[in-house]
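**Q** Here is my input, please return the structure:
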Amino acid sequence: MNRKIFVGVPVAVFVVILAVVSFSGQSVISDLEEGILFSPDEESIRVLPITIEFEDFSVLEVTKKYATFEIKFKVSNPNYKSMLLQHLKYEIYDNAIRIHTGTIGEQPEGFVMSSNYFIILNERPTILSDKITIKNDGNTPELWSSLSSDTKNWKIKGEAFFNLSSIIAGGKNEITFEFTI
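**A** Purely as a prediction, here's the structure:
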């Protein structure tokens, strides 16, 4: 018999199976639920939001000219698949006066040259931290006196931008948060 038939039949069967799976609108393995085969297409998948908890806010050093702080957030992922946290924006308020605006990570724009995002796994929370230095300009004596006496009435507001395990998968998702210290 002809050898081309023995090679051609398995290749043709493989192409047919590949076409059926590709055009059926279903993925072979679900992105978000463990152990599910032939899940619905990505548009009908519900992505659970990541969880952001306040971990710590430390005053590292206070002088007459500047103050240095460190802020930490605990980020958890309730989904089965890992998530990409693109960036986390936050604002720190003291008695309703904004004293600092910060960002952890970067929002990708245009052609993505580097990977300054965080992979959040489903089994392990990730601690994100940022060091902040504020200069004393003399316009906020209440802030400097509360820093010196270690009495804080601070609020932290922010938002985080995340998606599935690639920048283009799962759409762009956003969550807001607010903590009072």
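**Q** Strands along this structure, start to end?
**A** Per DSSP state E, the chain carries strands over the ranges 27-29, 37-39, 51-62, 66-76, 83-94, 97-105, 118-120, 126-135, 154-163, 173-180.
**Q** ok, the fourth one: who's next to it in the sheet?
**A** Strand 66-76 has its sheet partners listed here by DSSP bridges as strand 51-62 (antiparallel), strand 126-135 (antiparallel).
**Q** Run the angle between that strand and strand 154-163 for me.
**A** 50 degrees (axes from the mean of the first three to the mean of the last three CA atoms, to 10 degrees).
**Q** And for strand 66-76, what's in contact with it?
**A** 50-62, 85, 88, 90, 92, 100, 102, 104, 118, 120, 125-136, 144, 147, 156, 160 (CB atoms under 8 Å, 6 or more residues apart in numbering). Quick note: C-beta positions are derived from backbone N, CA and C, even for glycine.
**Q** Narrow the residues you listed to just the buried residues.
**A** Among those, those classed as buried by 16 or more other CB atoms under 10 Å are 50, 52, 57, 62, 85, 88, 90, 92, 100, 102, 104, 118, 120, 125-126, 128, 130, 132, 134, 136, 144, 147, 156, 160.
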